[in-house]
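Peer 1: A predicted structure for the sequence below; I have some questions about it.
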Amino acid sequence: KQEVTQIPAALSVPEGENLVLNCSFTDSAIYNLQWFRQDPGKGLTSLLLIQSSQREQTSGRLNASLDKSSGRSTLYIAASQPGDSATYLCAVPTSRQLTFGSGTQLTVLP
Amino acid sequence: NAGVTQTPKFQVLKTGQSMTLQCAQDMNHNSMYWYRQDPGMGLRLIYYSASEGTTDKGEVPNGYNVSRLNKREFSLRLESAAPSQTSVYFCASRARPGQGREAFFGQGTRLTVV
(Lines give C-alpha, C1' and ligand atoms only; values in the text may rest on other atoms or scores of the structure.)
Protein backbone atom coordinates (compact mmCIF):
# COMPACT_ATOMS: atom_id res chain seq x y z
CA LYS A 1 0.00 0.00 0.00
CA GLN A 2 1.34 3.40 -0.99
CA GLU A 3 2.12 5.69 1.93
CA VAL A 4 2.92 9.36 1.52
CA THR A 5 4.71 11.44 4.16
CA GLN A 6 5.30 15.16 4.35
CA ILE A 7 7.85 16.71 6.66
CA PRO A 8 7.77 19.16 8.35
CA ALA A 9 4.13 19.36 9.39
CA ALA A 10 4.48 23.11 9.84
CA LEU A 11 6.96 25.73 8.69
CA SER A 12 7.27 29.42 9.42
CA VAL A 13 9.59 31.64 7.40
CA PRO A 14 10.16 35.38 6.92
CA GLU A 15 9.00 36.97 3.70
CA GLY A 16 11.47 36.77 0.83
CA GLU A 17 13.04 33.50 1.88
CA ASN A 18 13.38 30.58 -0.52
CA LEU A 19 12.03 27.35 0.91
CA VAL A 20 11.65 23.65 0.20
CA LEU A 21 8.77 21.38 1.12
CA ASN A 22 9.36 17.65 1.17
CA CYS A 23 7.23 14.70 0.16
CA SER A 24 8.23 11.04 0.33
CA PHE A 25 6.41 7.93 -0.88
CA THR A 26 6.98 4.25 -0.23
CA ASP A 27 6.18 2.71 -3.61
CA SER A 28 8.44 4.13 -6.31
CA ALA A 29 6.35 2.64 -9.15
CA ILE A 30 4.44 5.85 -9.72
CA TYR A 31 3.32 7.56 -12.90
CA ASN A 32 3.19 11.08 -11.54
CA LEU A 33 2.93 13.18 -8.42
CA GLN A 34 0.66 16.15 -7.86
CA TRP A 35 1.13 19.13 -5.54
CA PHE A 36 -1.87 21.01 -4.16
CA ARG A 37 -2.41 24.12 -2.13
CA GLN A 38 -5.23 24.42 0.41
CA ASP A 39 -6.17 27.73 2.01
CA PRO A 40 -8.02 27.64 5.36
CA GLY A 41 -11.63 26.65 4.87
CA LYS A 42 -11.15 26.20 1.13
CA GLY A 43 -10.77 23.42 -1.38
CA LEU A 44 -7.63 22.00 -2.96
CA THR A 45 -6.04 23.90 -5.80
CA SER A 46 -3.75 21.99 -8.13
CA LEU A 47 -0.30 23.59 -8.36
CA LEU A 48 1.82 21.21 -10.36
CA LEU A 49 1.59 17.75 -11.85
CA ILE A 50 4.98 16.18 -12.45
CA GLN A 51 5.10 13.07 -14.60
CA SER A 52 7.46 10.22 -13.75
CA SER A 53 9.34 10.84 -16.99
CA GLN A 54 10.10 14.40 -15.84
CA ARG A 55 12.57 15.39 -13.20
CA GLU A 56 11.25 18.92 -12.74
CA GLN A 57 8.17 21.01 -13.43
CA THR A 58 7.96 24.76 -13.02
CA SER A 59 5.13 27.25 -12.63
CA GLY A 60 6.08 30.82 -11.79
CA ARG A 61 7.92 30.85 -8.46
CA LEU A 62 7.19 27.17 -7.89
CA ASN A 63 9.43 24.31 -8.93
CA ALA A 64 8.66 20.66 -8.24
CA SER A 65 11.20 17.90 -8.58
CA LEU A 66 10.70 14.16 -8.59
CA ASP A 67 13.16 11.38 -7.83
CA LYS A 68 11.34 8.10 -8.20
CA SER A 69 14.28 5.94 -7.23
CA SER A 70 14.59 7.56 -3.83
CA GLY A 71 10.84 7.99 -3.36
CA ARG A 72 11.02 11.76 -2.96
CA SER A 73 9.58 14.94 -4.34
CA THR A 74 10.31 18.52 -3.35
CA LEU A 75 8.38 21.72 -3.90
CA TYR A 76 10.63 24.76 -4.07
CA ILE A 77 9.07 28.17 -3.50
CA ALA A 78 11.23 31.12 -4.46
CA ALA A 79 11.02 34.54 -2.83
CA SER A 80 8.17 33.59 -0.53
CA GLN A 81 5.31 36.04 0.09
CA PRO A 82 2.66 36.25 2.83
CA GLY A 83 0.12 35.21 0.19
CA ASP A 84 1.91 31.85 -0.05
CA SER A 85 0.70 31.00 3.46
CA ALA A 86 -1.39 27.84 3.13
CA THR A 87 -1.21 24.09 3.56
CA TYR A 88 0.65 22.27 0.80
CA LEU A 89 -0.28 18.69 0.02
CA CYS A 90 1.38 16.16 -2.23
CA ALA A 91 -0.53 13.24 -3.71
CA VAL A 92 0.39 10.11 -5.60
CA PRO A 93 -2.18 8.44 -7.86
CA THR A 94 -3.05 4.78 -7.98
CA SER A 95 -5.46 3.20 -10.43
CA ARG A 96 -8.29 3.96 -8.00
CA GLN A 97 -7.51 7.21 -6.27
CA LEU A 98 -4.99 9.73 -5.04
CA THR A 99 -3.08 8.94 -1.86
CA PHE A 100 -2.31 12.12 0.05
CA GLY A 101 0.31 13.19 2.49
CA SER A 102 -0.86 14.96 5.63
CA GLY A 103 0.44 18.29 4.38
CA THR A 104 2.86 21.04 5.40
CA GLN A 105 1.29 24.16 6.88
CA LEU A 106 3.34 27.12 5.66
CA THR A 107 3.27 30.54 7.25
CA VAL A 108 5.18 33.38 5.58
CA LEU A 109 5.67 36.27 7.98
CA PRO A 110 5.64 39.84 6.64
CA ASN B 1 -14.56 28.24 -15.72
CA ALA B 2 -16.50 26.23 -13.11
CA GLY B 3 -14.48 22.98 -12.90
CA VAL B 4 -15.92 20.93 -10.01
CA THR B 5 -18.94 22.38 -8.21
CA GLN B 6 -20.27 21.11 -4.89
CA THR B 7 -23.51 21.96 -3.14
CA PRO B 8 -24.25 22.83 -0.43
CA LYS B 9 -21.17 24.57 0.98
CA PHE B 10 -22.32 24.25 4.59
CA GLN B 11 -24.86 22.00 6.31
CA VAL B 12 -25.91 21.20 9.86
CA LEU B 13 -27.84 17.98 10.42
CA LYS B 14 -29.35 16.33 13.43
CA THR B 15 -28.37 12.77 14.21
CA GLY B 16 -30.49 10.40 12.13
CA GLN B 17 -31.34 12.88 9.41
CA SER B 18 -30.49 12.17 5.80
CA MET B 19 -29.04 14.36 3.09
CA THR B 20 -27.43 14.25 -0.32
CA LEU B 21 -24.28 16.10 -1.27
CA GLN B 22 -24.20 17.10 -4.91
CA CYS B 23 -21.18 17.29 -7.20
CA ALA B 24 -20.95 18.24 -10.85
CA GLN B 25 -17.98 18.70 -13.19
CA ASP B 26 -17.90 20.38 -16.56
CA MET B 27 -14.57 19.03 -17.83
CA ASN B 28 -15.97 15.88 -19.48
CA HIS B 29 -14.01 13.76 -17.01
CA ASN B 30 -14.70 10.06 -16.69
CA SER B 31 -13.60 9.51 -13.09
CA MET B 32 -15.11 11.13 -10.01
CA TYR B 33 -14.34 10.76 -6.32
CA TRP B 34 -15.65 11.59 -2.87
CA TYR B 35 -13.17 12.25 -0.07
CA ARG B 36 -13.57 13.33 3.51
CA GLN B 37 -11.00 15.44 5.34
CA ASP B 38 -10.62 15.27 9.10
CA PRO B 39 -8.01 16.85 11.38
CA GLY B 40 -5.14 14.43 11.94
CA MET B 41 -6.57 11.93 9.42
CA GLY B 42 -5.90 13.69 6.18
CA LEU B 43 -7.95 13.01 3.06
CA ARG B 44 -9.62 9.61 2.87
CA LEU B 45 -11.50 8.16 -0.09
CA ILE B 46 -15.14 7.31 0.54
CA TYR B 47 -16.31 6.18 -2.91
CA TYR B 48 -15.20 6.60 -6.46
CA SER B 49 -16.64 6.17 -9.93
CA ALA B 50 -14.19 5.19 -12.64
CA SER B 51 -16.73 5.90 -15.36
CA GLU B 52 -20.40 6.55 -15.87
CA GLY B 53 -22.42 3.62 -14.56
CA THR B 54 -19.79 2.27 -12.18
CA THR B 55 -19.09 2.96 -8.51
CA ASP B 56 -16.73 1.34 -6.02
CA LYS B 57 -15.99 1.60 -2.34
CA GLY B 58 -12.97 3.43 -1.07
CA GLU B 59 -11.28 3.40 2.30
CA VAL B 60 -14.20 4.60 4.47
CA PRO B 61 -17.53 3.78 2.76
CA ASN B 62 -19.63 2.79 5.79
CA GLY B 63 -22.66 5.02 6.31
CA TYR B 64 -22.57 6.41 2.76
CA ASN B 65 -24.09 5.64 -0.62
CA VAL B 66 -23.32 7.17 -4.00
CA SER B 67 -24.98 7.63 -7.36
CA ARG B 68 -23.26 8.41 -10.64
CA LEU B 69 -26.26 10.10 -12.19
CA ASN B 70 -24.57 10.79 -15.53
CA LYS B 71 -21.09 11.66 -16.70
CA ARG B 72 -21.23 15.09 -15.07
CA GLU B 73 -22.79 14.33 -11.69
CA PHE B 74 -21.77 12.19 -8.71
CA SER B 75 -23.80 12.46 -5.50
CA LEU B 76 -23.04 11.26 -1.98
CA ARG B 77 -25.90 10.31 0.34
CA LEU B 78 -25.93 10.00 4.11
CA GLU B 79 -28.98 7.89 4.98
CA SER B 80 -28.84 8.34 8.75
CA ALA B 81 -26.28 10.92 9.79
CA ALA B 82 -24.06 10.30 12.81
CA PRO B 83 -21.77 12.73 14.69
CA SER B 84 -18.78 10.72 13.38
CA GLN B 85 -19.71 11.95 9.92
CA THR B 86 -18.97 15.54 10.88
CA SER B 87 -16.28 16.41 8.37
CA VAL B 88 -15.38 18.36 5.27
CA TYR B 89 -16.36 16.50 2.11
CA PHE B 90 -14.58 17.01 -1.19
CA CYS B 91 -15.56 15.87 -4.63
CA ALA B 92 -12.86 15.44 -7.26
CA SER B 93 -12.63 14.46 -10.89
CA ARG B 94 -9.98 13.17 -13.24
CA ALA B 95 -10.02 12.67 -16.99
CA ARG B 96 -9.83 8.91 -16.71
CA PRO B 97 -8.84 6.19 -14.27
CA GLY B 98 -5.24 5.31 -13.85
CA GLN B 99 -2.28 7.27 -12.87
CA GLY B 100 -1.60 9.71 -15.64
CA ARG B 101 -4.04 12.56 -15.24
CA GLU B 102 -4.36 15.68 -13.11
CA ALA B 103 -7.12 15.69 -10.49
CA PHE B 104 -9.35 18.67 -9.75
CA PHE B 105 -11.24 19.32 -6.54
CA GLY B 106 -14.38 21.17 -5.56
CA GLN B 107 -14.51 23.74 -2.79
CA GLY B 108 -15.89 21.33 -0.22
CA THR B 109 -19.02 20.82 1.87
CA ARG B 110 -18.62 21.47 5.57
CA LEU B 111 -21.01 19.13 7.38
CA THR B 112 -21.77 19.18 11.08
CA VAL B 113 -23.91 16.46 12.64
CA VAL B 114 -25.27 17.32 16.10
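Peer 2: Received, thanks. Residues are numbered from 1 along each chain as shown, chains lettered A, B, ... in the order given.
Peer 1: any bit of the helix or strand encompassing residue B:32 sitting next to chain A?
Peer 2: Element membership of residue B:32 [criterion: DSSP states H and E] is strand B:31-38. Yes: Strand B:31-38 lies within reach of chain A by CB under 8 Å from any CB of the partner chain, at residue B:33. All C-beta atoms are positioned from the backbone trio N, CA, C, and that covers glycine.
Peer 1: quick one: that strand to chain centroid distance?
Peer 2: Mean C-alpha position of strand B:31-38 versus that of the full chain (CA atoms, centre = their mean, to the nearest Å) differs by 5 Å.
Peer 1: How about that strand, which residues are buried there?
Peer 2: Along strand B:31-38, these residues count as buried under the neighbour rule (16 or more other CB atoms under 10 Å in any protein chain shown): B:31, B:32, B:33, B:34, B:35, B:36, B:37.
Peer 1: nearest to chain A, of these?
Peer 2: Of all the buried residues of strand B:31-38, residue B:33 has the smallest distance to chain A: 6.2 Å, by CB to the nearest CB.
Peer 1: ok, what's across the strand from that closest one?
Peer 2: Beta-bridge pairing of residue B:33 under DSSP bridges involves residue B:48, residue B:92.
Peer 1: now it: how far from residue B:92?
Peer 2: Per CB to CB, to the nearest Å, residue B:33 is found 4 Å from residue B:92.
Peer 1: ok, and what's touching the helix or strand of chain A with the lowest mean pLDDT?
Peer 2: Least confident helix or strand, chain A: strand A:98-100 with a mean of 90, by mean pLDDT, DSSP states H and E. The contact list for strand A:98-100 (CB atoms under 8 Å, 6 or more residues apart in numbering or on different chains) reads A:2-4, A:25, A:34, A:89-93, B:33, B:42-43, B:92, B:103.
Peer 1: Name the member of those with the most neighbours.
Peer 2: residue A:90 (30 neighbours; other CB atoms under 10 Å in any protein chain shown).
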